[in-house]
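In: need a 3D model of the following:
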Amino acid sequence: MRDALMRTMIAAATLFLLTAPAMAQAPQLEPGEKLEKLQFPAVAMQLKGWTKFGNSHVYTLPVRAGQHVKVSFATKSKYAFLAIFDLSKPDDEAFFGTDEDGMNFETTVKENATWLLRPYYSKVSPRRGLGAPFSVLIEPLAAAPQQPQPAAEPERPSLFPKAPPRQ
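Out: You can find the predicted model right below:
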């Protein structure tokens, strides 16, 4: 009886530990948002949509260490923005936002993660209408070029011969 109880407890603990990372990956959606899961594209992928005052699509994008990617956001509205979150991190802060960081984000991914791309319509800005059209372009890029090593200084002519190496 006791062995059965121990086996049940171990199985429950194992099941909990296996599902814990999956729970950490679940994004917090705003009321009315719809989640769309993407795969990392082999070629450029364009997403088009409309920010409908909380009723828009949000996207998850799995990225792997070493991938070089560029994400570009375009809209005609000055009140529509894109925020990118790392779901593998415990904080709720976006690591990129078009409201402060510009319309393009280019990086080489440092560790495997899942990003949440959230186009949104600013609720704090005075505006007309309930949303705006947008497009998000996700481009996989070739690996970042390696920094060239500085060339060794060429030998300059000298009046004095070089000293022999010390032993």
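
In: what residues are up against the residue lying closest to residue 103 once chain neighbours are set aside?
Out: Nearest-residue entry for residue 103: residue 73, 5.2 Å, with adjacent residues in sequence omitted and distances by C-beta to C-beta, 6 or more residues apart in numbering. Glycine gets a C-beta too; all of them are placed from N, C-alpha and C. Listed by C-beta atoms under 8 Å, 6 or more residues apart in numbering, the contact partners of residue 73 are 81-82, 98, 103-104, 119, 134-136.

In: direction included, what does the helix or strand that contains residue 73 pair up with?
Out: Per DSSP states H and E, residue 73 falls inside strand 68-75. Taking DSSP bridges as the criterion, strand 68-75 sits next to strand 104-108 (antiparallel), strand 132-141 (antiparallel) in its sheet.

In: just checking, what packs against the helix or strand just after the first one?
Out: In other words, strand 104-108. Counting by DSSP H and E, the next helix or strand C-terminal to strand 104-108 is strand 113-121. Applying 3 or more C-beta pairs under 8 Å, 6 or more residues apart in numbering; DSSP states H and E, one finds that strand 113-121 contacts strand 45-51, strand 57-63, strand 80-86, strand 132-141.

In: distance between the ends of stretch 29-39?
Out: 19 Å (C-alpha to C-alpha, to the nearest Å).

In: give the contact list for the residue most central in space within the chain.
Out: When C-alpha atoms, centre = their mean is applied to the chain, the residue found nearest the centroid is residue 115 (4.2 Å). Going by C-beta under 8 Å, 6+ apart, residue 115 touches 60-63, 84-87.

In: hmm, who's touching stretch 98-105?
Out: So stretch 98-105 is contacted by 70-74, 81-84, 96, 122 (C-beta under 8 Å, 6+ apart).

In: ends of it, what's the gap?
Out: With C-alpha to C-alpha as the measure, stretch 98-105 spans 9 Å from end to end.

In: now that stretch: average pLDDT?
Out: For stretch 98-105, mean pLDDT is 89.

In: if you count neighbours, what's buried in that stretch?
Out: 98, 105 (16 or more other C-beta atoms under 10 Å).

In: fine, thanks again, bye for now.
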